[in-house]
Structure formats: C-alpha cells, structure tokens
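dropping a prediction and its sequence here:
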Amino acid sequence: MSHIIGIDIGTSGIKVGAMDKEGVLGYLEYQPYSLLYPQMGWVEIDLEDIWNKTKTLLIKVWRQVEATGTVDAISLSTFCNSSVFLNEKGEPLYPGILYLDQRSKAEADWIKHLVGEKLLFNVTKNRLEPGMHTITTLLWFKKNHSDQYKKMYKWGNLSTFILNRLTGSFVMDWTQSSFTGMYDVENYRWSSDIYEKVGIDPEKLPEVVDPCSIIGYYSLPEFASRRVPVIAGAADTACSATALGIGINEMFESVGTSNVLTVCTDQPDRLDNRFLNRCHVIKNQWLSHGAMSFPGAAIQWFYEQFLKPEGHSKAILEDLCKQSTPGAGGVFFLPYMQGERVPIWDPNARGVFVGIHLNTTKADMYRAILEGCSFGLRQINEIIETDYQLRVESYPSIGGGAKNREWARIKANILNRRIHIKDISETAVLGTCLIAGTVIGYFTSLESAAKEISNDTICTVEPEHGQIKTYDELYKVFNKLYPALKTFFALSADGRSIGEDNKVTI
C-alpha cells in the first residue's frame, strides 16, 4: 500500500508517521530532545542531534512501510520560529536559536526605531518581538559573530536545515517566513524596505516557496533506485489548520505547551497586531493566532513540582480540580510563566498566585491555574469578536491538553462556548501529509483532502449555565491583576538581571 511519510518537529520532540491514500495515519514513532539554556534568557537547540533523531525515525517508519508497500512522498512540519546559520554545505555554524530566546532585545528596539513600527506592521502584519520574529536574532548573530556571519551561506529556520539535509535545497515555506519580521505577507516576497534598511544581505536569505512545492528528492541506500519527492510542508499550526479543514471565518483551538485560538481570514487588513499573523498554506488566506505561551507548561510545572513527587500519575490532573470549586477558593493565577505573548506582550511578566490564605488547598491552586489559563483565552476570544467581527458558538479543540476534560469544561463555562474535542491525533503530521497528498495526487485539493479523512469528535463540552454568571464576575477581577502588577514585573526583571550579573539570589 502507498503511503506518505510526515515529519513533525515540535519544541520538545519529533514525531514521524505515515498516511495512506484514505487519510489514515499509522506507523507513528516519537523521540524527545532537549532544549539548551546556555545563559539566562537564551534558548537553543542542537541541530545535529535533532537531524540524527529525525533521520533515525524516518528510516524506521520508511522500512515499516516498505515491508508491505511503498513510500510515495515525504513532507515536513516544524514549530515556529527559530534561526539557523548554515554554510554552503548546510552545516550549522552556531546552535539553532528558538523563538523563546530573548538575547536580541537591543536589536529589536533598534529595528523598530530605524524602520518604524508602522512600516513593520504594514509589511509583515506582525509586531516585532525579539526571538519570535527572527530578523532580530539574525542581526544579533551578525553583530556578535561577524566572522561567522561572513562565512554563512544561508540563514533560515529549522525547516530550512532539515529540508537541506533531505534535498540539498535552501528554502523556507511562506507560513514560516511570515514570522521572520522581513517578509511581505500580502505580496509573498522578502521586503527590501526592511532588509536593506537593517543591512541584511538578501543573498543570505533562503528562497521562499509554496508549502505545496516539491523541493527535491530523498532516498535510502537500500531503496536507492526510488527517489522520493520531498514536499516543503508548513509550520505546525498551519498544518493543523489544514488537517481540520479550517476555512475562512472559522476558528480552532490548539492546546499543548501553548494555548492558541487561530482564525482564518481572507482580509489581511483586519489582522490585529496583538496576534501572530501568517500566510496560510492556501494562498490569499491568512491565519491569525491568539497565542498564550505557557498554559500547558504551567500545568506541567505544577505536576512535576507538587504532584509527581508524591507518586501521582498524570491521571490526577483530571481529578484534583474537582476537589475545589469555581473561583478556586478565592485564588487567582496569572499564567505568564516566562513572559507572555497575547494579549499583553510582556517578556517580563511571570506566573503569580494571588489570594492564597491559610485554608488554600493544593486543589485550589491547581484549579486556579486552569481558570487563569481559561480567563486568558477569553481575553483572546474577545479580541477575535471585536476586531475580526467573528463570533462562534462552538469550535474544535486539538492537542494533548484538549484531552483534559475538566480544563475543557472550565473553558466552556468561562467563554460560554461549546468545545468539540476532536479525534484527530497528531494533526501537524497529518496536515503535512495532506499537503503532500494533494501535490502527488492522492486528493484533488487541500479542502477536499480534509473532508475525506476521519474528523470525528470525541466529545462536545457544553457550558453549564449555572456557572457562567459566576465566571463572568471572576473574569472582571482577573482583568485587574496584570495592570496592577505590570510595574512590579518590570522591577522584578531588573532584580533578576542584577541577581544574574552579581550572582545574587533574589
């Protein structure tokens, strides 16, 4: 039987699977990898380690498929965003630098001053943030490693590096280039208005390609006679939108380390500068992401620090919050564990519990985390309703965190929306396979591909009308917390910096 192999590289692990012509995904393999934290505020990846693990999984899945059938294509999905610096052979000159990295704050400020925030948004449809929009990281590299910059043949992101290892090409698809801070997302081209002003050599930029492009061929030694086409693929959330068949004026939620509400639009003038905005896989459609950075990570942190040491399995994450009540016994939580994107865009913000008292229980604190993350999601949804003029009564939810029914119930009550938890696992792998399947003829179009695959709903979580009013009142309180603490966060960041510089613990 014929299959397409899909590769998805997330921020903590690599997944590889194979999809048949009916859209059924199987042969799934997974391998974790570690992020590197060489200094405070720096976040890196070992590119060779990621490639070696990716290649191992690819070969394993390929051999399983070839035992009974053939591999017809390979396609790629990766997290967004990162910076890689490659020589002419595609070898890294420096570790990959992630979107979480904050070392390029000075470069971000300089670009904003030189280019102007109005022009930056008009061209890229995004605000400029250090690390997240990778022109800032590229300029940091040029400034601090000038000799290596001169040796650099191409700059790109993780997908550029992996696709080069597969095909020898230096490319970046347009869903990824949208977050570089120098790509014109309406006209689908690098912006000379930006890269010339900041002194970036355009020859060092990769070619931007359609996600549905065949960019080269790959083969294994034992199947050397069969050269398999490699399709560019797309960023992970764009692949997930493809798998779900999200159309214009539709919305979905993805729940992992981050928690994101994504809207699809054909009106780029409506894109909000508080959101992360990118070209969709389908040309002349755009995806707008209301992205909270660390809700899933906050839950994982609480489990690792307070529940796992007591011998609890992760099953307790479904049960513990039931031992508390709406409002978490008066405890509120700001889910800004390492800064936040939407809606506040404050890298200095941190996680905060407010209202702890002598009767506060561990269940109250856990429920406060779930409620605080859900209040943040409501803030994002209100931007969607106001700026995008889009009000949905229900939306699909995907990702590992979507399976937490109690969290979904809290979200449904706080947002007063029905949530459809979808029975699509590994949507990024599946989405990139659908892209490839459309290219090589499994499907007639991306839209029809999504309709032809299984897209069942595991369950629908309904809002409970008895709790909606309670949460409306609690939401008003939550909205006052960040403004009250904003100055504290700034002062605390100065304190952290002093503590790091002088090796003082604060």
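Received the coordinates, thanks.

and the gap between Gly156 and Leu491?
From Gly156 over to Leu491 the distance is 38 Å, taken as Cβ to Cβ, to the nearest Å. Using the backbone N, CA and C atoms, a C-beta is placed for each residue, glycine as well.

an error on my part: the question was meant for Phe170.
44 Å.

of those two, who's got more company?
Ranked by neighbour count (other Cβ atoms under 10 Å), Phe170 and Leu491 place Phe170 first, with 21 against 11.

just for the chain, where's the confidence low?
Along the chain, segments meeting pLDDT under 70 span 454, 496-506.

for the residue lying farthest from the centre of the chain, phi and psi?
Taking Cα atoms, centre = their mean, the residue of the chain most remote from its mean C-alpha position is Leu358, at 38.3 Å. The phi and psi values for Leu358, taken as degrees, to the nearest 10, are phi -70, psi -20.

OK, contacts around Asn226?
One thing to correct before we go on: residue 226 is Arg, not Asn. Applying Cβ atoms under 8 Å, 6 or more residues apart in numbering to Arg226 gives the contacts Thr70, Val71, Ser219.

list the contacts for the residue nearest to the last one when sequence neighbours are not counted?
If the residues on either side of it in the chain are set aside, Ser219 comes closest to Arg227, at 4.9 Å by Cβ to Cβ, 6 or more residues apart in numbering. Applying Cβ under 8 Å, 6+ apart, one finds that Arg227 lies in contact with Tyr217, Tyr218, Ser219.

elements contacting the helix ranked longest in the chain?
Longest helix in the chain, counting residues (DSSP state H): helix 465-501. Judged by 3 or more Cβ pairs under 8 Å, 6 or more residues apart in numbering; DSSP states H and E, the packing partners of helix 465-501 are strand 332-334, strand 352-354, helix 362-387, helix 405-415.

neighbouring contacts of the second one?
For strand 352-354, contacts defined as Cβ under 8 Å, 6+ apart pick out Val331, Phe332, Phe333, Leu334, Tyr336, Met365, Ala368, Leu481, Leu485.

which one of those residues is nearest Lys204?
Lys204 lies nearest to Tyr336 out of these, by Cβ to Cβ, at 35.0 Å.

list the contacts of the closest residue to that closest one other than its chain neighbours.
Counting by Cβ to Cβ, 6+ apart, Tyr336 lies nearest to Ala349, which is 3.7 Å off, once chain neighbours are set aside. By Cβ under 8 Å, 6+ apart, the contact set of Ala349 is Leu334, Tyr336, Gly339, Glu340, Tyr482, Leu485, Lys486, Phe489.

try Phe121
If you count contacts by Cβ under 8 Å, 6+ apart, then Phe121 has Arg127, Asn273 around it.

which positions within the host helix or strand of it qualify as buried?
In the assignment (DSSP states H and E), Phe121 maps to helix 117-124. Buried residues in helix 117-124, counted by 16 or more other Cβ atoms under 10 Å: Leu120, Val123, Thr124.

quick check, Ile7 in contact with Ile162.
Yes. Assessed by Cβ atoms under 8 Å, Ile7 is found in contact with Ile162 at 7.3 Å.

where do the contact lists of the two overlap?
Going by Cβ under 8 Å, 6+ apart, residues that sit against Ile7 and also against Ile162 are Thr54, Leu76.

using the three-state scheme, assign the residue nearest to Tyr336.
coil (DSSP: H, G, I helix; E, B strand; the rest coil).

I'd like the distance between it and Lys322.
The gap separating Ala349 from Lys322 is 29 Å, by Cβ to Cβ.

cool, and Thr438?
Separation of Thr438 from Lys322 (Cβ to Cβ) stands at 44 Å.

when those two are compared, which one has more neighbours?
Neighbour comparison, Thr438 and Lys322: the larger count goes to Thr438, with 20 against 11 (by other Cβ under 10 Å).

the more buried one: what's it in contact with?
By Cβ under 8 Å, 6+ apart, the contact set of Thr438 is Cys212, Thr444, Ser445, Leu446, Ala449.

mind redoing it with 7 Å?
Cys212, Ser445, Leu446, Ala449 (Cβ atoms under 7 Å, 6 or more residues apart in numbering).

I'd assumed His280 was in contact with the third one.
No. Under the criterion of Cβ atoms under 7 Å, Leu446 lies out of contact with His280, with a separation of 9.6 Å.

comparing these two, which residue is more hemmed in?
Applying other Cβ under 10 Å to Leu446 and His280 shows that His280 carries more neighbours, namely 25 against 22.

tally of neighbours for Ser313?
9.

how close does it get to Ala363?
17 Å.

partners of the host helix or strand of Asp8 in the sheet?
Assigned by DSSP H and E, Asp8 belongs to strand 2-9. When pairing is defined by DSSP bridges, strand 2-9 lines up against strand 13-20 (antiparallel), strand 70-78 (parallel).

what are the buried residues along the first one?
What it means is strand 13-20. Ile14, Lys15, Val16, Gly17, Ala18, Met19, Asp20.

got it, and the longest one?
Of the residues in strand 70-78, those buried by neighbour count under the rule 16+ other Cβ under 10 Å are Val71, Asp72, Ala73, Ile74, Ser75, Leu76, Ser77, Thr78.

need the residues you listed in CSV with distance to Gly41, can you?
Shown next, in CSV, are those (distance: Cβ to Cβ, whole Å):
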residue, distance to Gly41
Val71, 42
Asp72, 44
Ala73, 40
Ile74, 36
Ser75, 34
Leu76, 29
Ser77, 27
Thr78, 23
